[in-house]
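# What would the 3D arrangement of this be:
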Amino acid sequence: MRTVYAPVAAALGLTGPEESELVVPSARYTGPVVGYRITLDYREGTIDGGVELHRDTYYLSVDIEQLAMTIGVVEKCGGISFSAKNQKQLRKSLQGHADYAQLVDPFLADADPDTAEELMRQAGAREWSKR
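Below is the predicted model of the structure:
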């Protein structure tokens, strides 16, 4: 980052860089097969809820609402809120995501990892390398 921005900063008379170790606030809850991650985006005023499955060399992540629709425990998109612009909205959104975790978990917690992976891939899971 410094290498790219240094010439621009000098040309514009900017000071810095002022670096931060701050990461996006998130919480992860892990079960025997899958984990649930909630991430708070301060800038956008939203939360994101996902389901993760860790394998040896990669992990999968998928939006919890999409997974719930794929499994068939909810009928359509839009059943949960993502807004976190104030305390009331944040609580409502967190509760909705927690409720969805309770809906999908019975299909994942007792499943073998291969079955959970298949369900997640059907829901459009993204694969991330651990390397």
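
# quick one: low-confidence parts of the protein?
Scanning the chain for pLDDT under 70 picks out 1-2, 4, 19-22.

# in it, which spans are helices?
For the chain, applying DSSP state H gives helices covering 2-12, 64-71, 87-108, 113-122.

# Determine how far the third one lies from the middle of the whole chain.
Distance of helix 87-108 from the chain centroid (C-alpha atoms, centre = their mean, to the nearest Å) equals 13 Å.

# in that helix, what's buried?
If you call a residue buried by 16 or more other C-beta atoms under 10 Å, then helix 87-108 has these buried ones: 89-90, 93-94, 96-97, 100-101, 103-104, 107-108. Bear in mind the C-beta positions are built from the backbone N, C-alpha and C, glycine included.

# picking up where we left off before, export the helices of the chain as TSV, with columns for distance to Tyr29.
Below are those laid out as TSV (distance: least, C-beta to C-beta, whole Å):
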stretch	distance to Tyr29
helix 2-12	37
helix 64-71	12
helix 87-108	8
helix 113-122	15
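
# Quick one: residues contacting the one residue sitting closest to the centre of the chain.
Central residue of the chain (C-alpha atoms, centre = their mean): Gly50, 4.0 Å from the mean position. Applying C-beta atoms under 8 Å, 6 or more residues apart in numbering to Gly50 gives the contacts 36-37, 39, 61-64.

# So which of the helices of the chain is nearest Ala27?
Comparison of the helices of the chain against Ala27 by C-beta to C-beta identifies helix 87-108 as nearest, at 9.6 Å.

# so what does the closest one touch, helix or strand wise?
Here helix 87-108 touches strand 35-41, strand 46-54, helix 64-71, helix 113-122, going by 3 or more C-beta pairs under 8 Å, 6 or more residues apart in numbering; DSSP states H and E.

# cutoff 6 Å now
helix 64-71 (3 or more C-beta pairs under 6 Å, 6 or more residues apart in numbering; DSSP states H and E).

# From the chain's centre, how far out is the helix it packs on? Work that out for me.
Worked out by C-alpha atoms, centre = their mean, helix 64-71 lies 14 Å from the chain centre.

# Many thanks, have a good one.
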